[in-house]
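Q: Give me the fold of what follows.
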Amino acid sequence: MLDFEQRRVYPIFGKNVNFNLMFNGPDYPQSLDESLFDAWLEKGRESRIPYAYLLVIWDELDTKYMPVYTEKRSDIHEFARYGQSPENQLLVAAYDLYSESRVL
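A: Numbers count the residues shown, from 1 in each chain. The predicted structure follows:
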């Protein structure tokens, strides 16, 4: 389990449903559902292009997260970091697609 995720339970149709949220806190623009994040990891692994990293990008104009895949670790530094730049697309985190460890 990732150290920055939180579990929330919501009553839906008389049942409690767990939502695992990532990037939940004052340091992030909004939460990200872990199931969407997991789908992004799978998509990157299944690609014909040999991607190695998943970058989680915050889009200021669309106010949502989006995945960016890259083959080289050095590509991670081409994106401005969230909270450190006025640009529209900002890097929130980077993960190794196979170990799922956070590299930034």
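Q: Give me the number of neighbouring residues for Leu32.
A: 22 (other Cβ atoms under 10 Å). All C-beta spots, glycine's among them, are computed from the backbone N, C-alpha and C.
Q: That one bridge partners, please.
A: Taking DSSP bridges as the rule, Leu32 bridges to Met22.
Q: isn't it right up against Asn20?
A: No. Leu32 is beyond contact range of Asn20, at 9.6 Å (criterion: Cβ atoms under 8 Å).
Q: ok, Arg48 - how many residues close by?
A: So Arg48, with other Cβ under 10 Å, has 5 neighbours.
Q: Can you classify it by secondary structure?
A: coil (DSSP: H, G, I helix; E, B strand; the rest coil).
Q: can you start the count at 533 instead of 1 from here on
A: I'll keep to 533 as the first residue from here, and by that count the last item is Arg580.
Q: what about it, distance to Tyr601?
A: Using Cβ to Cβ, to the nearest Å, Arg580 is found at 12 Å from Tyr601.
Q: Remind me which helix or strand the spatially most central residue of the chain belongs to.
A: Nearest residue to the geometric centre of the chain (Cα atoms, centre = their mean): Val588, 3.9 Å. Using DSSP states H and E, Val588 falls within strand 585-591.
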